[in-house]
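Enquirer: Quick one, structure for this:
(one chain, ligands or ions: 1)
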Amino acid sequence: MSIIVIFMSKFEESEWAEIEHAKEFVENADIYILERKRIFKILKSFYRFFLDNKIADRSVKILDLGCGNGALIREILSVSSKIEVTLVDGSSHMLDNARENFKSHGFHYINGTFQELLVKDAVTYKIAHDFDFIVSSLAIHHLSTEEKQELFHYIYNHLNPGGYFLNIETIKAPSDQLESWYRVLWSEWIAENEEEMKLREEWTDKESFVNLPEKYKNNPDNHPDKLSDQLKMLEIAGFKDVDCYYKQGIFSIFGGSK
Ligand SMILES: C[S@@+](CC[C@H](N)C(=O)[O-])C[C@H]1O[C@@H](n2cnc3c(N)ncnc32)[C@H](O)[C@@H]1O
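Expert: Take a look at the predicted model:
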């Protein structure tokens, strides 16, 4: 028997443990996350096609990993209110924000890191194993490659047969040259988006985010893996229908079914 030891990264040492960082993301994500509106449209199309009205006698059970203030669930709620949601985040500030946003919904909230879920779920969190849909957005790339593989197994084990996993994520490009161009592409998109926001008079006087892609590259909290490697990891975890559903530069949507 071989034993594999994984050295866990620490959420508490990442910038997401800082309230100011969380606040900045909530305030500005729509400005600098490439094609965020398009990505949400694809999420909703996926939900309508694969999940909405597919379960006759109960609500669709959804788990959002790294929920932030609940932006994904807000989008899904605009498609259907027949959902029962568990929201997980390492940041208690983010989770409080989500709680505030869904006051009337009776959702479940878990303040825990992915690293903690991987080792303490059965004893401490006891998260259900019968989700129909597990979603995550811009959170899993903070884990190491080994932790991602573990989390994909965890996600598979927490889905109902026939359930789906959809991950909105930044990925590592297959070469340094492509990675450099993808950052330029991202920066160009931010500049274009900021101009459009100014035209629509949605721009409050703030500094441009065009340098954010360079900062993303140099940020030690980011550990994106190649898309092809992550699709393989999903297959190793047992997922079927594994595919990339959308991609532009380093931003992608990928997942699979159980
Ligand atoms: C970029 S934000 C995305 C929030 C939300 N999913 C969205 O798209 O609006 C990343 C979120 O993941 C959470 N997060 C990052 N690393 C985490 C970890 N290791 N365990 C649990 N949550 C984590 C952060 O606290 C933050 O709320």
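Enquirer: Alongside the ligand, which residues does this structure contribute?
Expert: 11, 16, 25, 29, 66-68, 71-72, 89-91, 94, 113-115, 137-139, 142 (CB under 6 Å from any ligand atom). (Glycine included, C-beta is placed from N, CA and C.)
Enquirer: What subset of the residues you listed is buried?
Expert: Buried by 16 or more other CB atoms under 10 Å: 11, 16, 25, 66-68, 71-72, 89-91, 94, 113-115, 137-139, 142, out of these.
Enquirer: who's the residue nearest the centre of the chain bridged to?
Expert: Centroid-nearest residue in the chain, with CA atoms, centre = their mean: Ser137, separated by 1.4 Å. With DSSP bridges applied, Ser137 shows beta-bridge pairing to Ile168.
Enquirer: Angles on the backbone of the closest residue to the ligand within the stretch 51-200 of the chain, please.
Expert: Per CB to the nearest ligand atom, Gly68 is where the stretch 51-200 of the chain lies closest to the ligand, at 2.5 Å. The phi and psi torsions at Gly68 (degrees, to the nearest 10) take the values phi 60, psi -140.
Enquirer: give the contact list for His129.
Expert: With contact taken as CB atoms under 8 Å, 6 or more residues apart in numbering, His129 is in contact with 157-159.
Enquirer: burial count for Lys240?
Expert: Counted with other CB atoms under 10 Å, the neighbours of Lys240 add up to 10.
Enquirer: typed the wrong thing, it's Glu27
Expert: 11.
Enquirer: now do the one 3 residues further on
Expert: Counted with other CB under 10 Å, the neighbours of Asp30 add up to 14.
Enquirer: next one: Trp181
Expert: The number of residues packed near Trp181 is 13, by other CB under 10 Å.
Enquirer: Which pLDDT does the model give the residue nearest to Phe50 when sequence neighbours are not counted?
Expert: Once flanking residues are discounted, Phe50 sits nearest to Tyr164: 5.6 Å by CB to CB, 6 or more residues apart in numbering. Tyr164 carries a pLDDT value of 98.
Enquirer: start at 25 instead
Expert: In the new count, where the first residue is 25, that last one comes out as Tyr188.
Enquirer: check contacts around Leu236.
Expert: Contacts of Leu236 by CB under 8 Å, 6+ apart are 56, 210-211, 214.
Enquirer: Could you identify which of those has the most neighbours?
Expert: Trp210 (24 neighbours).
Enquirer: The residue nearest to the centre of the chain against Leu96, yeah?
Expert: Yes. Under the criterion of CB atoms under 8 Å, Ser161 makes contact with Leu96 at 5.4 Å.
Enquirer: Just the mean pLDDT for the one helix or strand Glu44 maps to, thanks.
Expert: Taking DSSP states H and E as the criterion, Glu44 maps to helix 43-56. Helix 43-56 carries an average pLDDT of 96.
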